[in-house]
Every structure is written in C-alpha cells, then in structure tokens.
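> got a predicted structure here, sequence first:
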Amino acid sequence: MTITATSLPTSEEQDGTVKYARVGSLELEAGGFLPDVVLAYETWGKLNADASNAVLVEHALTGSTHVARGASDEEGWWEQLVGPGATIDTNRFFVISINIVGGCYGSTGPSSQAPDGKPWGSRFPLVTLRDSTVAEARLADALGIRQWHAVLGGSMGGARALEWAVTFPNRVERCAVISVGAYSTAEQIAFAQAQTLAIRQDPNFNNGDYYHGPAPETGLALARRIAHITYRSALELDLRFGREAQPQEKPLTAAVLGERGRYQVESYLDHQGTKLVRRFDANSYIAITEALMSHDVRRGRGPLKEALSRATAQFFVAAVNSDRLYFPAQSHELAEALPGDVPVHIIEAPIGHDGFLTEIGQLAGQLGAAFFAEDFSRS
Ligand SMILES: CC(=O)SCCNC(=O)CCNC(=O)[C@H](O)C(C)(C)COP(=O)(O)OP(=O)(O)OC[C@H]1O[C@@H](n2cnc3c(N)ncnc32)[C@H](O)[C@@H]1OP(=O)(O)O
Ligand SMILES: N[C@@H](CCO)C(=O)O
C-alpha cells in the first residue's frame, strides 16, 4: 500500500495549518472497509533527526486539529499546554494532532465523497476508536515516526491515547489519559444514545442523506444541549445562572405556554447548540459519538488488567474532581489496573468535565515534569 502525505511538514512556517495524508483503505473492526482514507492533521515544531521528539495530541469529541496557534493566529483548544516555551515546548518537540476518522475537520467522514462521487451520508460505516488508531499509525509511518515520545488527550482524546498505548505498545513511550476511563460505561452510552436519537429524529435528517437539503440543525443543537449539561457540573450551572431569567424574558409570566420566556441557563444551552451547529456536521457527530460508545480497551483482550498489561508506556492519569460524565472513580479504576504504580492527578475545579479543556494549566507542572522535562530534549 502506498501512503502519501500531500504536504509533509517541511518547515515551521506550516505550524498550525491543516495538512492531508492518504493512508489507504481501512479494514474495520465492525466489518467492511473504508476505502482511500484521508487524515487531516496539523503540526508544530520540527521532527528531529532520529524522530524521537514526536508528540501526538488527540482531540476530544467536537475538537479539531487546531491545538495551538501557528501560521494563523486562531486560538487553539490546548494552548495552555502546547506552544513555544509551553509545557509541550514546540521549540523542542514535534507536535501533531490528527482529526479522527469520521470527523468533519478534514479527515474522511460522512460528508466526504464516497467512491461514487456522492457524500457517504447514511452509508458511512461504524469506525471504532481502534480503527482510527490503525489509520493514525499509517500516518505516523508516512511521517517517519516509529515511536511517539508521548501520546496524550482528554475525554475522547484520552480514550484514543489509551487505545494507541495498548494497540501499539512499542510505539508509545509515554501516555497521558485525561478525563476518561478504560471503557465507556452504561451511563455514558445512555447519554450518547439520547444525543444520536435527537439528531436522527430531526425531520431533516433523512436517514443521514441530507447533504443536498437542509441539515438536521435542530437535532444537532439538541444533542449538544444534552451533551453540554453533562460537560458542566450542577454547581457550575447554579453558580453561573441560578434561577435567573434571561434579560428581557419572563419565564413565569407567559399567557401561553409556548411563549414562555427562558431562564438564563436555557438561553445558555440554546447558544451552545447554535454554536456547534455552525461548526459541526450532524452525521460526524453521530459517527464520532458511536465511536466513543465503542471505547473499551478490554475488547478482545481479556479482563482489564490483562488488557492493559500489553502496554509498556509510562502513564499519566488525570481527572477533574467535579466531572459527572467521566467520574474520577473511573480514572482510579484505570490507574489501579495499569502496570506499575500510577497515581491519579486531580484537577480541582467546579466546572465539571470541560475542566480538562479550561483548567488544564493546573496539570502543566506535573505533566511537564513527568513527560516533557529538559533532559528529554533531543534535537
Ligand atoms: C472552529 C473550530 O475549530 S472549534 C474547535 C475547537 N473546539 C474544541 O476543541 C471543542 C472543545 N471546546 C469546547 O468545548 C469549548 O470551547 C470550551 C469547553 C473550551 C469552552 O466552552 P465555551 O462555550 O467557550 O465557554 P462557556 O461555557 O463559558 O460559554 C461561553 C459562551 O456562552 C455564552 N453565554 C453565557 N451566558 C449566556 C446566556 N445566558 N445566554 C446565551 N449565551 C450565553 C457567552 O456569551 C459565550 O458565547 P461565545 O462562546 O459565543 O462567545
Ligand atoms: N466540550 C468538549 C467535551 C467533550 O469531551 C468537546 O466538545 O469536545
């Protein structure tokens, strides 16, 4: 199989810009295959001569490859960790972030063209996180990266990182699994199902073949609302919004129920829904959500300890203390089952699950000391 990266990074002038690689056809865990898979990725810094300074940062559910600024000044989603002089110092490390297969930030997904020239739409297959890892390994091959100095991510990004460490033990020296457990629990699958159903029940969904008509925006926005509630803690919502009415709206005085004004928290969730609709494809939302439902590092590998015993990486496990989606207890379960003595680092923040994005600076010191200290520099 020939693997081609259409614009292999050659200079730091391309930092933080999207590049594309064709990684061939992907045989899928759930059956069938996805032909001619394209991966979109961004890089920062320079790969050193022996390719020993490469770091893979995996994005979360609706994240993109844009981890940090680069040629464009657009803010990245983990700037607190990645950049010149930051914890993952791009003057020393070559950082790459890859859009997951099924996504809508450049990699092959349901809105991409199938071989017949039409969008995949309803025909897009189930691509598990493990399948995506296999595709990403091909991109690593094409870039000349045999082993990652580190692979890390939060939430679904953490699940992707863990899958890398277990699927390709010899290719991952260090692995940080943040705000996610070893598998999706029944409750996480349950929340996910409500979200995918919200999209599927939108009259515009058309079984996923909506690209020539109106998109199922109402369903996608509802899915985001459901998800966003799980990303924030009850305390955060209370402290921020309490029972306040949205300015100029009166939740308690409508003559007709349909005309009721909104509480602030309702308006906030409406806004979160609208914001996602502007930047995300509904089919991709389903594809990636179902990939995350598939997350189970044990599948086909025996009980948890046995499954994890394949991994040879040094691990860094972290959780947000107020996370009510990926409970810290799941991070403890993972850490206890990993080989060696792995502590769980705690982000102390009332925000909930999204703390892995907004409060990651709290962990910069521990993560830096564990994985990215000066003596690791090999230019
Ligand atoms: C284009 C791309 O590439 S995007 C890819 C990057 N995104 C990702 O990687 C996904 C991960 N990121 C996220 O999920 C989010 O950005 C987070 C978690 C980091 C932060 O979430 P935010 O939505 O920015 O934070 P927050 O909860 O404070 O919400 C702020 C927004 O709510 C709005 N808001 C606050 N109160 C209200 C209210 N009562 N009514 C309506 N809107 C409200 C604010 O005006 C603000 O709007 P804005 O984002 O349009 O400026
Ligand atoms: N807010 C994050 C949370 C997912 O874990 C996202 O949208 O990707």
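Nice, I can see it. Numbers count the residues shown, from 1 in each chain. Ligands and ions are numbered 1, 2, ... in the order given.

> what sits against the residue positioned nearest the centre of the chain?
When the chain is reduced to its mean C-alpha position, the nearest residue by CA atoms, centre = their mean turns out to be A60, at 1.6 Å. A60 makes contact with 153-157, 356-357 under the criterion CB atoms under 8 Å, 6 or more residues apart in numbering. Heads up, the C-betas are built off the backbone N, CA and C, glycines and all.

> check these against ligand 2, which are close?
Of the entries in these, the ones placed beside ligand 2 under the rule of CB under 6 Å from any ligand atom are 155-156.

> output the contacts of A60 in JSON lines; the columns should cover neighbour count.
Formatted as JSON lines, these follow (neighbours: other CB atoms under 10 Å):
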{"residue": "G153", "neighbour count": "28"}
{"residue": "G154", "neighbour count": "32"}
{"residue": "S155", "neighbour count": "25"}
{"residue": "M156", "neighbour count": "25"}
{"residue": "G157", "neighbour count": "30"}
{"residue": "F356", "neighbour count": "28"}
{"residue": "L357", "neighbour count": "20"}
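
> ok, the residue in the stretch 201-350 of the chain that ligand 2 sits nearest to - how many residues close by?
Of all residues in the stretch 201-350 of the chain, the one sitting closest to ligand 2 is Y231 (5.1 Å; CB to the nearest ligand atom). Y231 sits with 22 neighbouring residues when counted by other CB atoms under 10 Å.

> on that earlier part again, closest to ligand 2 among the contacts of A60?
Within those, distances to ligand 2 taken as CB to the nearest ligand atom reach their minimum at S155, with 3.1 Å.

> right, and that closest one touches V177 too?
No. Proximity of S155 to V177 does not meet the contact threshold set by CB atoms under 8 Å, at 10.1 Å.

> now the residue of the stretch 201-350 of the chain closest to ligand 2: how far from ligand 1?
Look at Y231 and ligand 1: by CB to the nearest ligand atom, to the nearest Å, they are 7 Å apart.

> you'd agree that residue is up against G355?
No. At 9.2 Å, Y231 does not count as touching G355 under the criterion of CB under 8 Å.

> in the stretch 51-200 of the chain, which ranges drop under the pLDDT threshold?
Applying pLDDT under 70 to the stretch 51-200 of the chain flags no residue at all.

> what's the span of stretch 58-70, first residue to last?
Between the opening and closing residues of stretch 58-70 there is a gap of 17 Å (CA to CA, to the nearest Å).

> quick thing: my sequence starts at 488, can you match it?
Yep, numbering from 488; the last one is stretch 545-557 now.

> what about it, near ligand 1?
Yes. Contact check for stretch 545-557 against ligand 1, using CB under 6 Å from any ligand atom: residues in range are 547, 549-551, 553.

> can you check stretch 643-662 too?
No. Judged by CB under 6 Å from any ligand atom, stretch 643-662 and ligand 1 are separated, with a smallest distance of 9.3 Å.

> and W565, which of the three is it?
Following DSSP: H, G, I helix; E, B strand; the rest coil, we place W565 in the coil state.

> look up the closest residue to it, ignoring the ones flanking it.
Taking CB to CB, 6 or more residues apart in numbering, and ignoring the residues beside it in sequence, W565 has V554 as its nearest neighbour in space, at 4.9 Å.

> I'd like the distance between that neighbour and I773.
24 Å (CB to CB, to the nearest Å).

> also F580?
When distances are taken as CB to CB, F580 and I773 turn out to be 34 Å apart.

> would you mind listing what in the stretch 638-787 of the chain touches ligand 2?
The interface of the stretch 638-787 of the chain toward ligand 2, taken as CB under 6 Å from any ligand atom, is made up of 642-643, 718.
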